[in-house]
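Visitor: fold the following.
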Amino acid sequence: MSVACLSAEDINPELKKARVDIQPILSFSDKDKIGAIQPYDDTLEITLRIGGYDEKRVMVDQGNGAKIMYPDLYKGLNLRPEDLTAYDSPLVSFDGKVVIPKCQIKLPAQAGSEVMEVDFIVVDAYYPYMAIVARPWLHALGAVFSTLHQNVKYPSSGQIRDIIGAQLPPLEKEELIEFLKRNVDVSVWSAYEALGVDPSFIYYNLNVNPSVTPKKQPPRRSSKDHSDAVRDGMKKLK
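Guide: Residues are numbered from 1 along each chain as shown. This is a model prediction of the structure:
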């Protein structure tokens, strides 16, 4: 008489299938900090292929739900007005100001072999980045990121891929600061010192929706308690 010992996989084929379908784990360790400049307080800035071009200075912002494109990228991609769609929902910038977007456009954003269609909101405002990618892009890519490790990790073809963040080396940072200090005399601190500059470059425009009729707000009057508190505060300054 012979006795056969069946394996757990033969008893339950689902175990074998589950083993094959196991996805790699997205995690960070001290090894991922190798190459990252420490210590620092930089945001995570990456290079991403947008609209068929490799674009540097793309900020990854998990705390934001809106994908933003700034004028430099909009002009660099030579986008046409017919490529754009209307978008008039106001946004709040990092400094708390309300910004009225110009429009919206859908463009492919490629990380390695993974391509995601992203709806970028075009904002006519200055910012040091070309674009911002946010939670929807991270979730669609199945990615996680770490500012500590300056890295974005995402699954692709059963493997873990990563996008390394860009940092300014300490030596270059010191050289840049020294350069600015040496040339502080050529800097201008007022529009009246910028003679010969095209006025359209230095004009300040209110970021408002021109289709909305402006309304004058009624004057606000301070309460007696508030006025007394201000008066007492001014007396203490004398």
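
Visitor: measure the residue minimising distance to the centre of the chain to residue 109 for me?
Guide: By C-alpha atoms, centre = their mean, the chain has its centre lying nearest to residue 132, at 3.0 Å. Distance of residue 132 to residue 109, given as C-beta to C-beta, to the nearest Å: 12 Å. Heads up, the C-betas are built off the backbone N, CA and C, glycines and all.

Visitor: excluding its backbone neighbours, what's nearest the residue nearest to the centre of the chain?
Guide: residue 68 (4.1 Å; C-beta to C-beta, 6 or more residues apart in numbering).

Visitor: try residue 114
Guide: With C-beta to C-beta, 6+ apart as the criterion, residue 114 has its nearest non-adjacent residue at 5.5 Å, and that residue is residue 156.

Visitor: quick one: contacts for the one you found?
Guide: Residues counted as contacts of residue 156 (C-beta atoms under 8 Å, 6 or more residues apart in numbering) are 112, 113, 114.

Visitor: and the pLDDT at it?
Guide: On the pLDDT scale, residue 156 is placed at 88.

Visitor: okay, and the beta partners of it?
Guide: Following DSSP bridges, residue 156 is listed with bridge partners residue 159.

Visitor: now it: how far from residue 136?
Guide: Per C-beta to C-beta, residue 156 is found 18 Å from residue 136.

Visitor: tell me which stretches of the protein form strands.
Guide: Per DSSP state E, the chain carries strands over the ranges 45-50, 53-60, 68-69, 91-92, 98-99, 103-111, 114-122, 131-133, 144-146, 151-156, 159-164.

Visitor: tell me the most buried of the ones you listed?
Guide: Sort the strands of the chain by mean neighbour count, taking mean count of other C-beta atoms under 10 Å, and strand 68-69 sits at the top with a mean of 26.

Visitor: mind listing the helices in the protein by residue range?
Guide: Remark: helices assigned in the chain by DSSP state H are 8-11, 13-20, 71-76, 135-141, 170-182, 199-202, 224-237.

Visitor: touching the last one from outside, list them.
Guide: Here helix 224-237 makes contact (C-beta under 8 Å, 6+ apart) with residue 222.

Visitor: ok, now with 10 Å
Guide: Contact with helix 224-237 is made by 221, 222, 223, as judged by C-beta atoms under 10 Å, 6 or more residues apart in numbering.

Visitor: how about the residue lying closest to residue 77 once chain neighbours are set aside, what does it touch?
Guide: Once flanking residues are discounted, residue 77 sits nearest to residue 51: 5.0 Å by C-beta to C-beta, 6+ apart. Counting by C-beta under 10 Å, 6+ apart, residue 51 makes contact with 69, 73, 76-79, 83, 105, 107-110, 118, 120.

Visitor: picking up where we left off before, tell me the residues that contact both of residue 132 and residue 109, please.
Guide: Joint contacts of residue 132 and residue 109 (C-beta under 10 Å, 6+ apart) are 58, 67, 120.
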